[in-house]
Structure formats: C-alpha cells, structure tokens
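Colleague: okay, here's the prediction I keep looking at, along with the sequence it came from:
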Amino acid sequence: MRPQVVLIEGPPEADPLIPLVAHEEMRPPVALLAHAVDEPGRSAFWPLAEFSPEWVALRWAVEHGVPARFIDLPAAHTLAWQATTGEETPEGGADEDRAPDVRTDPLAVLAEAGGYDDPERWWEDVVEHRGGGGDAPLAPFTALEEAMGALRETEENTEPDRGPASAPDRDPDHAPVPTPDHTPVPAPDRPQVPVRDRDLVREAYMRLQLRAALREFPGGAVAVVCGAWHVPALRRKVTVAADRALLKGLPKTKTDMTWVPWTHRRLSRSSGYGAGIASPGWYGHLFAAPDRPVERWLTKVAGLLREEDRIVSSAHVIEAVRLAETLAAMRGRPLPGLSETTDAVRAVMCEGSDVPLALVHDRLVVGDVLGEVPADAPAVPLQRDLTRVQRRLRLKPEALERELELDLRKDTDAGRSRLLHRLRLLGVHWGEPAASRGSTGTFRETWRLRWEPELSVRVAEAGVWGTTVLSAATARAEADALAAPGLADVTALAERCLLAELPDALPTVMRVLADRAALDTDVGHLAQALPALVRSLRYGDVRGTDTGALAEVAAGLAERVFVGLPPACAALDRDAAEEMRRHVDAVHGAVGLLGGAAPAQGDAPAPGHGDLRARWQRVLRVLSRRDTVPGVIRGRAVRLLLDDGELPADDAARLMGLALSPGTPPVDAAAWIEGFVGGGSGGGMLLVHDEKLLGLVDAWLTGVPGEAFTDVLPLLRRTFSAYEPGVRRTLGELVRRGPATRGGPTGAGGGIPGFAAEPDAARADAVVPVLSLLLGLGAHDDATGGGGAEDGTGAGDGGGAEDGTGAGDGGGAEDGTGAEDGGGAEDGERARDGDRARHDNDPVGVRT
C-alpha cells in the first residue's frame, strides 16, 4: 500500500520540523522537545529511535514526497494541563509485585495469558519472528487491533463507573515525558481533572485530525501510525460534536518545539522514561541487521569483551551461536532471542560469570548511543552559542561517561575549563570536577563528562540570562551574589567566578562580599568563608586573573577572624567545639596560603595588614593557654604551633602535662589529646618519635579512674582509630615494653620497632646524590656532603670519579661502577642507562 498522507502520533507543533529527519546530520535516537516559552523548565519529550515506527514512517514519507503530519494533542495543551493539574508522568515502571494492569501494559496482559512472564519475549515469538507472510502483510496489525479491542472492552466492563470509553492513568506508547526535576504544583483555584480523562481528549483530537485528512484526500489511503491501544478508539463511531465538546475549554500555553539528542539508555525502561523498551540496543541491532542477527550480535559481544582484555576467540562465537540455536529449539521458540543469546554468552564467553555479562548488558543490550541533530535545527540562542563553542574547543558531547584531563597552560584546555565552569554556574552540569591522579598543581584539572538529554532543557532554562554562555554566566553570577543567603555562599561564588573567568561579574560579587563581611559578626561564618576566598588567590597564576581586590578582602576577613576567634571559642559544648576546631584548621591553612600569596600582589604587604602569619600564631598561643577554651581547641592550637616550629618540644610537653594533670577533668583531658594528636594529621607518628609525649599520654591514661574511663573511651577510640595500622602496632609495642626500655639507645630491646638504634651513615650517603639532583643543588664533593664513595667515586649529576668511572643520576657505588643514565667519566667512558652496581661488597644497590 502507498498512502497519500501519513498521520503520526505526536504534537502538531512539530510539523515544521519533519523535513529535518532526512538531514544528513540527523542521527537517531533523538527526541522532540517542547517547552513553555514563559517557563522553559516545564517541558516534555517525545523520544524516537531508528527502529521506532514513528521514525521509520517519517523517513519514508520525506524520502517519497508523501505529506506527514502529527495528530496527537498539541503540546500547548499538554504542558498547560500539567501546570493546572499537577500531573506527572510516573518515572518508574509498574510495581513488579502486582499483576500487569490492562491499561498501563496491555502487552504484558496478553503475554501472561499466553503463558509468558516477559512481554518483550512474547512479542518476539508472536510477531517479530513470525512476520505477516507474503499474502497478508497487514495480518499482524489486524490481529493486534482485535486484541486491543478485546482488552479495552474488558477494562470497560470491569470498571463501569469510568465510562464507556474512559481512558487509563498512563499512556505507555509515547506520552510526553516531563523532565525529572520538574514537579508542577496544582493551582489551588482550579478544579482537579482526573488524569485518566487525558486519553479521552487525545483520542478525540486524533479523530478530528483523521477526519480532516480523509476529507483532504478523498478516496485515497491514509496511514496512521500510533500506539496499538488507540486503534479501537480511532475506529469508533463518535460524532464530531462530541469530540469537540471534549476539547472545549482546554488550557493553553505558548510553546517552542525542537529536536534534541537522545540516548538508548534513556529509552530503557529502567531509566524511568516510560518508553517501554528494556533492550534498545538489542532492538536497534535487529533492525539494522535483519540477516543473520544472532551471528552478528555475538560477534559484537566478542569484540566488546576483547576490548576489555578478555580472551574470546572466533571459536567462542561459533559455539555460542550453536548453543543459542539449541536453546531456542529446546524452548520451542522460532528463533533465538535475547534470552537465548544472553545464556549462550554467559556459558561460553563469560565462563558462567555475571560480572562481564553485566558489562555486555550495559554497553550493548542497553547501550550508550547518543543521537545528533543538525546545527540548523531550531534552538534557543544560548544553545546555538554552546554548540559553536563546543565545536571550536573540539569538545563533543558523549553519552558515555569519560574523564577529561586539562592542562590549563594550554589555550584549548583553558577554554574547555572556562566553558565547563560557566555551564556549572548556569546549572548545566555536563561535567563534574574530579580528583586529579597525575598532579596536585593548580594548572591541572580533571573532569568527568557525560551528556544527558535533560541538559538541553537546562540550556533552554538558562537562556533567560543571556544569548551567549559568557553573558548568561555573568548575569547568573551577579544575580546569585545578590541572592546568596550567607557569606560562605558569596565566597564560594567568587571562587567559581575566577574559575569561569567572568571579569564583568567579579566586581559585583566582590562588592557584595565586602558588604556581607562587614555586616556578618559570626566568627564561624567568617572562618568558613576565608578558606574558599584564599584558595581563589591561587588562580591568578595560571589564568592571569587580577586578584588584588580579592587579596584585600581576604586579609581584612582574616583580621576579623583573629580578633573574634578567642572570645568565640569560650564556653562551647562538645559539638560546637568540634566544629570550631575544624574552623581553626581551615583558617590555619588559609593563613599559610594568604601569607604566601600576599607578596605576589606587590613588594610590600597591604597597609594595615602587617604580618598575618605572626598575628595568627599569637592567636594560637592565646587559645592554647586560655582555660575557658575547650580542650580539643587548646590541644589543636598547641599542635599547630609545634608543627610550625613556633613552639619548642619542651614547651609542648609542659602544656600537655598541665592539660593531663590530676586536676583536669578526664573528659577535658581526653578532648585535649584528641585535638593534639587526633585525626589523620600525623599525630600518631608524633607519639612514636617523641617518647616524652607518649609517656605523658601513657601515664595519664593509666591513672584515669575507672568510673571516668567509660566517659573518655569514645573520645580516645575516635582519636586513635584514625591512625594507620602500622602506627597503632608500633605504639602498642612501645607501650607494652614500658618506659624503662623504649627510651634506651642501646641494647637488643632498645629503640623504636622498625628503626635502627643509630643512623646508618653509609646508607644515608648513598641517598645524598639523588637528593642533590632533586633539589637542584648540583654535584657535591665529599667536603660538602656530596656522598663520595670510599674509593673516590664521584656522585651526583654526571660527577667524574678518580678511577674514571662516572656516576650518573643515581649516585656512585663503592666499587666505582657507573650507575643509571649516563654520568660522564674523565677517560671518556660512559655508563649505560640502567646499569646497577653488582659488587658483592656494595651494601646499597644503586637504583632509580
């Protein structure tokens, strides 16, 4: 049959977009996106894959010059209906514990009646694998229409109060899919319309469009491509007046329509988008490979497993095909289906393991195929600018998550970083920052990228801020700064503006930051805001951003923290004290960065700021000696001073002795210990190497009264459980041996377990050349500690030896053998790269 017009279930606003389906840059899966002009977040999708009947019909109509039209209820009514009724398409499938509902999944009801537990498997056996035959190509459609009619009649008879043609709660065919983050709120002054009535309205509109097409093409064939459930309703004899009465008074809103990329994963039923396709990758394969589908599918599986370094040969493919065909014959199926091929892959290629099989299901059965739309497809200006920037930076959206390493010293990578940071400001989370594996420098960034279809909606929503990514991000940052609820939010925004390189937004953000900092009297808020502000100062080095004004605000903020911190730390309960300890740690790190960054802004410190680090150390001394300050903060202050070299070890031991004296409550003393050596700050190694501090802790712990021990035990457990297992073992061994032996420098039982009683000079000398090279100190002779060997062999970077054998970067060996990568010798000999000393008397092999 060759129809004169093709009518397709879908929003009529998309009719002007139909010619784009034949565009050479259009590649499914794609989706029609409709969104309200005044509220872009209120949107709906109509997804289509290459094997979707609607897509096939559209392609055929365009290629053969046959008119094609969408006949479903307009999106203007659908989106307005969602806003007025609060209707939301369910994101999950039907409850697995319930029997399938006639309306929500009619194929499941038919499959269950036929003895199948899987409707897709029933569909394959009854329809796909049998076909319509040469004489009756439309026979499957006729049979399916009859089945749907029987199901609708059964539903109407079982629920008489719903009316003779009432519609169900959900359309499983291609109902619009609201974005996950949008949950319309019902208007309180409008009546609630039953959700099930929507299908009645949709089918009435379809009948009107069908009548119009029959009048326009009298005597010609009209093809209608729609969900099988609607076929009986379209054939039903209903008056035009009755249909128009159903459509009268429908709410309406202005909408925009476009094509957007979609993914196979979003077509999957498990993703919650209701397209009813659990295995889109499998059906895409069947559509693209009608001849020998099983052999081609298992070949794909073998290729995937080989990419994952699994041993799969052509013999595995042959045996898997045979097993799949045998299983199909044993189960009485016409041809092997997905279940047979999956069982064959598990048994033959995966050796019975479900771990690689899960990879096959994720990559092939579902798939991560991302569609493409033409550049000239209708889109908001912001989307067009984003597409242009993506092409310029060679940053193509992909459905499969991948890591992107950026070197900000390169122009292209710096541009990519700016784009991703600007999009995050706009709420378009295409990329998420990740921890860098190779470097901790500020010139490197690591991102995890994954494009989701919903991001097209986010771009449309962000279009209200501007027509380009730069202008939109700037306007959004300024608005966020004015609306930020707290000081920490503004400082975080300032950091993000620097990362996104928004010079026009930064002055507004800095003005708001200065105003908020001047008005905020909460030391906790100030201390929470300072670290993010100081971190931002580092970004000027790589990105070339002027951070002078930022440094000025940060220094002023630090001054206010210094003044307000001691009184703010007085009389705190346990939880508040722990939170304030974290603030002290954060401020300490921020002051270290600020002290190093401030001179970079000029040769002299800013007027009135002075030496911030020295003033901070004075604040720490005040905290360490004030009795009204909780023990966890006093202990942390002592530890920070000790680590900075501002407090001698004897003074630290004296302060610990005071804190652990009998007059101190055990709970307060335990909190002091937690602040001093708690967490992952290296406190365990401090106790290992300082026997006086360990002795004080040991003596205090053994003297805690039994009735108070249960009160301090949780604090002590939290303190020491954070240590590495090796540190805990060493501390246990030192405590077990007691104070009489752990401090002795000699004897078999003396010293720290795992450490020699005295330094090994020979082993230390062998390390000196390498350290000299790493520190850039050049070659050193014996007089300057260069680590010469006993026979006079020179060490260091290419140093010559007395016997003529040069030692390379790895240092010389005792017998004069040259090492490593090419140290030069006086007589012209050159050591090979990687040579190692092999003399039996050499106590330390030269290694890199």
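Modeller: Arrived safely. What you see is a predicted model; the values in this text were computed from it and never measured.

Colleague: now Glu403: which helix or strand?
Modeller: According to DSSP states H and E, Glu403 maps onto strand 402-407.

Colleague: following element in sequence after that strand, please.
Modeller: helix 411-425.

Colleague: that next one packs against which elements?
Modeller: helix 381-392, strand 402-407, strand 431-434, helix 469-483, helix 487-500 (3 or more Cβ pairs under 8 Å, 6 or more residues apart in numbering; DSSP states H and E). Glycine gets a C-beta too; all of them are placed from N, C-alpha and C.

Colleague: what do you get if the cut-off is 10 Å, keeping everything else the same?
Modeller: Counting contacts by 3 or more Cβ pairs under 10 Å, 6 or more residues apart in numbering; DSSP states H and E, helix 411-425 packs against helix 381-392, strand 402-407, strand 431-434, strand 444-449, helix 454-462, helix 469-483, helix 487-500, helix 539-543.

Colleague: how about the fifth one as CSV, C-alpha atoms only?
Modeller: What follows is helix 454-462 as a C-alpha-only set of coordinates in CSV (Å, rounded to 0.1, in the frame of the first residue of the first chain):
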residue,chain,number,x,y,z
GLU,A,454,17.8,16.8,30.2
LEU,A,455,20.7,19.2,29.8
SER,A,456,19.0,20.5,26.7
VAL,A,457,16.2,21.6,29.0
ARG,A,458,18.7,23.2,31.4
VAL,A,459,20.2,25.2,28.5
ALA,A,460,16.8,26.4,27.5
GLU,A,461,16.1,27.4,31.1
ALA,A,462,19.4,29.3,31.3
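
Colleague: what is that helix packed up against?
Modeller: Packing partners of helix 454-462 (3+ Cβ pairs under 10 Å, 6+ apart): strand 30-36, strand 43-48, strand 255-261, helix 381-392, helix 411-425, helix 469-483.

Colleague: mean confidence score for the strand holding Glu403?
Modeller: Averaging pLDDT along strand 402-407 yields 88.

Colleague: same check on stretch 663-681?
Modeller: Averaged over stretch 663-681, pLDDT sits at 79.

Colleague: so how far is it from its chain's centroid?
Modeller: Computed by Cα atoms, centre = their mean, to the nearest Å, the chain-centroid distance of stretch 663-681 equals 38 Å.

Colleague: same question for stretch 328-340.
Modeller: On the basis of Cα atoms, centre = their mean, stretch 328-340 sits 40 Å off its chain's mean C-alpha point.

Colleague: also stretch 572-588?
Modeller: 30 Å.

Colleague: mind listing what's buried in it?
Modeller: Burial within stretch 572-588, assessed by neighbour count using 16 or more other Cβ atoms under 10 Å, is assigned to Leu572, Ala577, Glu578, Met580, Arg581, His583, Val584, Asp585, Ala586, Val587, His588.

Colleague: what does stretch 309-319 give?
Modeller: Using 16+ other Cβ under 10 Å as the test for burial, stretch 309-319 gives Val312, His316, Val317, Glu319.

Colleague: farthest-separated two in the residues you listed?
Modeller: Greatest spacing in those, by Cβ to Cβ: Val312 and Glu319 (10.8 Å).

Colleague: what touches both of the two?
Modeller: By Cβ atoms under 10 Å, 6 or more residues apart in numbering, Val312 and Glu319 have these common neighbours: Leu298, Val348, Met349.

Colleague: please report how far the residue positioned nearest the centre of the chain lies from Glu452.
Modeller: Centroid-nearest residue in the chain, with Cα atoms, centre = their mean: Glu432, separated by 5.2 Å. Applying Cβ to Cβ, to the nearest Å, the value for Glu432 to Glu452 is 12 Å.

Colleague: hmm, back to that, make a markdown table from the helices and strands packed on helix 411-425 and add distance to Asp117 to it.
Modeller: Listed next are those as a markdown table, based on distance: least, Cβ to Cβ, whole Å:
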| stretch | distance to Asp117 |
| --- | --- |
| helix 381-392 | 44 |
| strand 402-407 | 37 |
| strand 431-434 | 39 |
| strand 444-449 | 38 |
| helix 454-462 | 33 |
| helix 469-483 | 50 |
| helix 487-500 | 51 |
| helix 539-543 | 58 |
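
Colleague: so which of those comes closest to Arg654?
Modeller: When these are compared by Cβ to Cβ, helix 487-500 sits nearest Arg654, at 37.4 Å.

Colleague: next, the angle from the following helix or strand past the closest one to helix 487-500.
Modeller: Sequence order places helix 506-519 as the next helix or strand after helix 487-500, per DSSP H and E. Here the directions of helix 506-519 and helix 487-500 differ by 160 degrees (axes from the mean of the first three to the mean of the last three Cα atoms, to 10 degrees).

Colleague: pull out the buried positions in helix 506-519.
Modeller: Residues Leu506, Thr508, Val509, Met510, Val512, Leu513, Ala514, Arg516, Ala517 are the ones in helix 506-519 that count as buried (16+ other Cβ under 10 Å).

Colleague: elements contacting it?
Modeller: By 3+ Cβ pairs under 10 Å, 6+ apart, helix 506-519 packs against helix 469-483, helix 487-500, helix 523-536, helix 548-568.

Colleague: I'd like these laid out as TSV, including mean pLDDT.
Modeller: TSV is the format used below for the helices and strands packed on helix 506-519 (pLDDT from 0 to 100):
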stretch	mean pLDDT
helix 469-483	92
helix 487-500	84
helix 523-536	79
helix 548-568	81
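
Colleague: can you redo these as a markdown table with mean neighbour count and distance to Trp123?
Modeller: Shown next, in a markdown table, are the helices and strands packed on helix 506-519 (neighbours: other Cβ atoms under 10 Å; distance: least, Cβ to Cβ, whole Å):
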| stretch | mean neighbour count | distance to Trp123 |
| --- | --- | --- |
| helix 469-483 | 20 | 45 |
| helix 487-500 | 23 | 50 |
| helix 523-536 | 23 | 56 |
| helix 548-568 | 20 | 63 |
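
Colleague: let's have those helices in a markdown table, adding distance to Leu7.
Modeller: Putting those into a markdown table (distance: least, Cβ to Cβ, whole Å) gives the following:
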| stretch | distance to Leu7 |
| --- | --- |
| helix 469-483 | 39 |
| helix 487-500 | 48 |
| helix 523-536 | 58 |
| helix 548-568 | 62 |
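
Colleague: closest one to Leu48 among the ones you listed?
Modeller: Leu48 sits nearest to helix 469-483 of all the helices and strands packed on helix 506-519, at 28.4 Å, using Cβ to Cβ.

Colleague: the residue nearest to Gly524 when sequence neighbours are not counted: which element?
Modeller: What sits nearest to Gly524 in space, not counting adjacent residues and going by Cβ to Cβ, 6 or more residues apart in numbering, is His583, at 6.1 Å. Under the criterion of DSSP H and E, His583 resides in helix 574-597.

Colleague: tabulate the CA atom coordinates of that helix in PDB.
Modeller: Output of helix 574-597 as PDB, limited to C-alpha atoms (Å, rounded to 0.1, in the frame of the first residue of the first chain):
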ATOM      1  CA  ARG A 574      31.300  19.300  72.600                       C
ATOM      2  CA  ASP A 575      29.700  19.600  69.200                       C
ATOM      3  CA  ALA A 576      30.300  23.300  68.900                       C
ATOM      4  CA  ALA A 577      33.900  22.800  70.000                       C
ATOM      5  CA  GLU A 578      34.500  20.200  67.400                       C
ATOM      6  CA  GLU A 579      33.000  22.400  64.700                       C
ATOM      7  CA  MET A 580      35.200  25.300  65.800                       C
ATOM      8  CA  ARG A 581      38.300  23.100  65.700                       C
ATOM      9  CA  ARG A 582      37.600  22.400  62.100                       C
ATOM     10  CA  HIS A 583      37.300  26.200  61.500                       C
ATOM     11  CA  VAL A 584      40.700  26.600  63.300                       C
ATOM     12  CA  ASP A 585      42.300  24.100  61.000                       C
ATOM     13  CA  ALA A 586      40.800  25.700  57.900                       C
ATOM     14  CA  VAL A 587      41.900  29.200  58.900                       C
ATOM     15  CA  HIS A 588      45.400  27.900  59.700                       C
ATOM     16  CA  GLY A 589      45.700  26.500  56.100                       C
ATOM     17  CA  ALA A 590      44.200  29.700  54.700                       C
ATOM     18  CA  VAL A 591      46.600  32.000  56.500                       C
ATOM     19  CA  GLY A 592      49.500  29.900  55.200                       C
ATOM     20  CA  LEU A 593      48.300  30.400  51.600                       C
ATOM     21  CA  LEU A 594      47.400  34.000  52.200                       C
ATOM     22  CA  GLY A 595      50.800  34.700  53.600                       C
ATOM     23  CA  GLY A 596      52.400  33.200  50.500                       C
ATOM     24  CA  ALA A 597      50.000  34.900  48.100                       C
END
